[in-house]
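In: give me coordinates for this.
(one chain, ligands or ions: 2)
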Amino acid sequence: MLNFSFQNPTHIHFGEGKIAAISQQIPSDARVLLVYGGGSIKNNGVYQQVVDALEQHTWFEFSGIEPNPSYNTLMKAQEIIKEHRIDFLLAVGGGSVVDGAKFIAAATFFEGDDPSEEKDPWDILTKQHTITKALPIGAVLTLPATGSESNGNAVVTRDGNKRAFSSPLVRPLFAVLDPKVTLSLSDRQISNGVVDAFVHTIEQYLTYSVNGKVQDRFSEGLLQTLIEEGPKALLPQTKDDLEVRANIMWSATMALNGLIGAGVPQDWSTHMIGHELTGAFGIDHARTLSIVLPAVMKVCRDNKREKLLQYAARVWQINEGDEDARIEQAILLTEQFFKTMQVPTRLSDVDLAAKDIDLLIDGLKQHGMTALGEHSDITLDKSREILTQAL
Ligand code: NZQ
Ligand code: ZN
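Out: Numbering: from 1, shown residues only. Ligands and ions are numbered 1, 2, ... in the order given. Have a look, this model is predicted:
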């Protein structure tokens, strides 16, 4: 196992009716900015529950954070923060809203490296500027997918450039996870969430063995839970089952809260290539992953051989046949799982073709994504091979 430091201080409040807990979690004298997205929370009762819980607080609101939150939208929050002397952010929504709140929190105190230059908080994402101060954040999660509610990561888009940053200072202090609020999700968003959580687990599991037995078994448990429960959330007879939603919700949080990735190598090439697909063509985050992952598994099968065999045996119970056949079967079953979740598995499924690959490779180059994967050996040529495999 590799050395690691691990701390996850996000206080989780899990279960039906838990939104009320935020009244105790936010300091009573805080000046709160409630940030949310396009309004789904007004249609499913979440907004009202939050308003009720904030009855004793001084609060303001900022809405309109879009999926794949944009720098331009997020920067508009700064005026409200100054005007109302906001000192606490409450993010209510999916990963985009929580990520958006993280960027707003960090941008509020951004000073830049060079006082003589005009300061632009976009540097937080492009220059990996170290964050020294951020507004405190609380989250009410409405879409289980990203794990953003209890990690320090955020992804922001500007002019087709999708960039990430990370800081422990933007990790939410608390997160409310009420599975009931996920009942209003569309099938598309349910699928996206399950697939995103699945691929987060794979990125931290399907690398090479360092004998991290706890991490491996945890990851295999999450993968199996998502394989079992994900399809049930799409079936009419089990769609509204809160037990199903609860298991999906907790899996998604656990998949990217730092636990399973501590002490093991991590890949993330599927995500980095996927970000280019979203940046250039606006494809939903999870749908980029379901297209890229099977191709990564195929192109990197030699490097990942040992773990692919373990994945085949423990997650899919494939124990018969020679090694290559077992690996092929595991990749096929992964693709079938994605199909069951109604997400695309090929570039052609989203109307992209070989002629579109150059633009994606240019993006990877421009964003410095030239040595991806657990061995840093996925060069631009390898990424091209992966994208060609995904056609
Ligand atoms: O904007 P509203 O009206 O709220 O509608 C949203 C949005 O249209 C809707 N929605 C959310 N909860 C709902 C609901 N509709 C009905 N009922 C509910 N309960 O769903 C739509 C998509 O929301 P979004 O927040 O964009 O989805 P998701 O949670 O999948 O977040 C995706 C973003 O997170 C980033 C992605 O790149 C993407 O920008 N990621 C963040 C990560 C992190 N912070 O660690 C890791 C991930 O790999 C990912 O990159
Ligand atoms: Zn993801």
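
In: any stretches of the stretch 151-300 of the chain with poor pLDDT?
Out: By pLDDT under 70, the stretch 151-300 of the chain has no low-scoring segment.

In: got the residues of it near ligand 1?
Out: Residues of the stretch 151-300 of the chain lying close to ligand 1 by Cβ under 6 Å from any ligand atom are 151, 153-155, 181-182, 184-185, 189, 192-193, 196, 256, 271, 285. The C-beta positions use only the backbone N, C-alpha and C, and glycine is treated the same way.

In: what subset of the residues you listed is buried?
Out: Burial by neighbour count, 16 or more other Cβ atoms under 10 Å: within these this picks out 151, 153-155, 181-182, 185, 189, 192-193, 196, 256, 271, 285.

In: which members of those residues are the farthest-apart pair?
Out: Pairwise distances across these peak at 25.9 Å for Val181 and His271 (criterion: Cβ to Cβ).

In: pretty sure Leu277 contacts Leu360?
Out: Yes - using Cβ atoms under 8 Å, Leu277 is in contact with Leu360, at 6.6 Å.

In: which one's more surrounded, these two?
Out: Leu277 (27 against 23; other Cβ atoms under 10 Å).

In: gap between that one and Arg31?
Out: Leu277 is 39 Å from Arg31, where distance means Cβ to Cβ, to the nearest Å.

In: buried residues in stretch 254-263?
Out: 254-263.

In: for stretch 117-126, that is, sorry about that
Out: 121-125.

In: and stretch 356-364, by the same measure?
Out: 356-357, 360-361, 363-364.

In: looking at the closest residue to Ser23 other than its chain neighbours now. What's its pLDDT?
Out: Of all residues not flanking Ser23 in the chain, Ala53 sits nearest, at 4.6 Å (Cβ to Cβ, 6 or more residues apart in numbering). Looking at Ala53, its pLDDT stands at 98.

In: which ones are touching Ala53?
Out: Listed by Cβ atoms under 8 Å, 6 or more residues apart in numbering, the contact set of Ala53 reads 19-23.

In: out of the residues you listed, which sit inside helices?
Out: Cross-referencing the contacts of Ala53 against helices under DSSP state H gives 22-23.

In: now the contacts of Ala53: which count as buried?
Out: In the contacts of Ala53, burial by neighbour count holds for 19, 21-22, counting by 16+ other Cβ under 10 Å.

In: closest to Val299 out of those residues?
Out: Nearest to Val299 among the buried ones among the contacts of Ala53 is Ile19, at 44.2 Å by Cβ to Cβ.

In: skip the chain neighbours and tell me the closest residue to that closest one.
Out: Gln49 (4.3 Å).

In: and the one you found, how many neighbours does it have?
Out: Applying other Cβ under 10 Å, we find 21 residues neighbouring Gln49.

In: per-residue confidence for it?
Out: We have a pLDDT of 98 for Gln49.

In: buried ones in stretch 212-224, by neighbour count?
Out: Using 16+ other Cβ under 10 Å as the test for burial, stretch 212-224 gives 212, 215-216, 218-223.

In: what's the answer for stretch 304-312, then?
Out: Result for stretch 304-312 [16+ other Cβ under 10 Å]: buried residues 304, 307-312.

In: tell me who's in contact with Pro344.
Out: Pro344 neighbours (Cβ under 8 Å, 6+ apart): 287, 290-291, 338, 350.

In: nearest to Pro115 among the buried residues of stretch 356-364?
Out: Proximity of the buried residues of stretch 356-364 to Pro115 (Cβ to Cβ) peaks at Gly363, which lies at 32.1 Å.

In: could you say which helix or strand holds the residue nearest to Lys180 when sequence neighbours are not counted?
Out: Among residues not flanking Lys180 along the chain, Glu16 sits closest, at 4.9 Å (Cβ to Cβ, 6+ apart). Counting by DSSP states H and E, there is no helix or strand that carries Glu16.

In: quick one: mean pLDDT for stretch 7-18?
Out: Mean pLDDT, stretch 7-18: 97.

In: kindly check the end-to-end length of it for me.
Out: End-to-end span of stretch 7-18 (Cα to Cα, to the nearest Å): 24 Å.

In: buried sites along it?
Out: With burial defined by 16+ other Cβ under 10 Å, the residues of stretch 7-18 counted as buried are 8, 10, 12-13, 18.

In: not counting its own residues, what contacts stretch 13-32?
Out: By Cβ under 8 Å, 6+ apart, the list of residues contacting stretch 13-32 reads 11, 46, 49-50, 52-60, 84-90, 138, 140, 173-181, 242, 246, 249-250.

In: so of the residues you listed, which ones are in helices?
Out: Filtering those for helices - DSSP H - leaves 46, 49-50, 52-53, 242, 246, 249-250.

In: buried ones among the residues you listed?
Out: Looks like these have 46, 49-50, 53, 246, 249-250 buried, using 16+ other Cβ under 10 Å.

In: just the strands in the stretch 51-200 of the chain please.
Out: For the stretch 51-200 of the chain, the strands defined by DSSP state E, counting those that start in this stretch cover 58-62, 88-93, 137-141, 153-158, 161-166, 174-177.

In: having no further points to raise, I will conclude here.
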